[in-house]
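Novice: Model the following, please.
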Amino acid sequence: GATGRAVVLGAGGTAQASLAALRELGVPEVDVLVRSVERAGELRAAADRLGVSPTVHAALTDPSSATAAITGADIVISTLPAGAADALAGAGPGTVVLDVVYAPWPTRFAATAAAAGAHVVSGLEMLLHQAVAQVELMTGRPGPVAEMRSALDEAVAARA
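Specialist: Alright, predicted model coming up:
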């Protein structure tokens, strides 16, 4: 399994799915940053079902606390809507950042992380692989990743 620490920003459905993915990767330590610990009940319930015990911090109301929590993390997954992570930083070399936002791209959070040397992955990558999985579920056959990536890139270019 993986070693190290992950930070998840947010407590919604995508954050809950992130806990499952991090468990599958074997990441032993997960910090979840939220605006309100009291409103993170669904996330805590999902964690219990998954058999994981993340540490939940009400750090999103204070960018300096959130940045301190992000600093030194191996993986950072932002599940926040566009603009909500703009004031946050702390990711650097050796950090993998997944920002689920894909428009507008890059987000300020992703651009800050990339400038600091982090490996940044956009939400478009997640969208692509969700679509590939859907093709497999619907047809029983592997999704054509290269062709789907090409179509996605064309659609993004057409919107720009």
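Novice: Every contact and neighbour count from this point should use C-alpha atoms.
Specialist: Fine.
Novice: Correct me if wrong: residue 53 contacts residue 45.
Specialist: No. Assessed by C-alpha atoms under 8 Å, residue 53 is found out of contact with residue 45, at 10.3 Å.
Novice: Spit out the residues that contact these two alike.
Specialist: When contacts are counted by C-alpha atoms under 8 Å, 6 or more residues apart in numbering, the set common to residue 53 and residue 45 is empty.
Novice: Spatially, and excluding backbone neighbours, which residue is closest to residue 70.
Specialist: Among residues not flanking residue 70 along the chain, residue 90 sits closest, at 5.2 Å (C-alpha to C-alpha, 6 or more residues apart in numbering).
Novice: I figured that neighbour hits residue 64, correct?
Specialist: No. Using C-alpha under 8 Å, residue 90 is not in contact with residue 64, being 9.4 Å away.
Novice: These two: who's more crowded?
Specialist: Ranked by neighbour count (other C-alpha atoms under 10 Å), residue 90 and residue 64 place residue 90 first, with 20 against 15.
Novice: before we move on, which element is that one in?
Specialist: Using DSSP states H and E, residue 90 sits in no helix or strand.
Novice: distance of it from residue 82?
Specialist: Residue 90 is 18 Å from residue 82, where distance means C-alpha to C-alpha, to the nearest Å.
Novice: Now residue 156: phi and psi?
Specialist: Main-chain torsions, residue 156, degrees, to the nearest 10: phi -70, psi -40.
Novice: What is the burial count for it?
Specialist: Neighbours of residue 156 (other C-alpha under 10 Å): 13.
Novice: Look up the pLDDT of it for me, please.
Specialist: As predicted, residue 156 sits at a pLDDT of 85.
Novice: do residue 2 as well
Specialist: 56.
Novice: do residue 160 as well
Specialist: In this prediction residue 160 is given a pLDDT of 77.
Novice: ok, so what distance separates it from residue 125?
Specialist: Residue 160 sits 17 Å away from residue 125, going by C-alpha to C-alpha.
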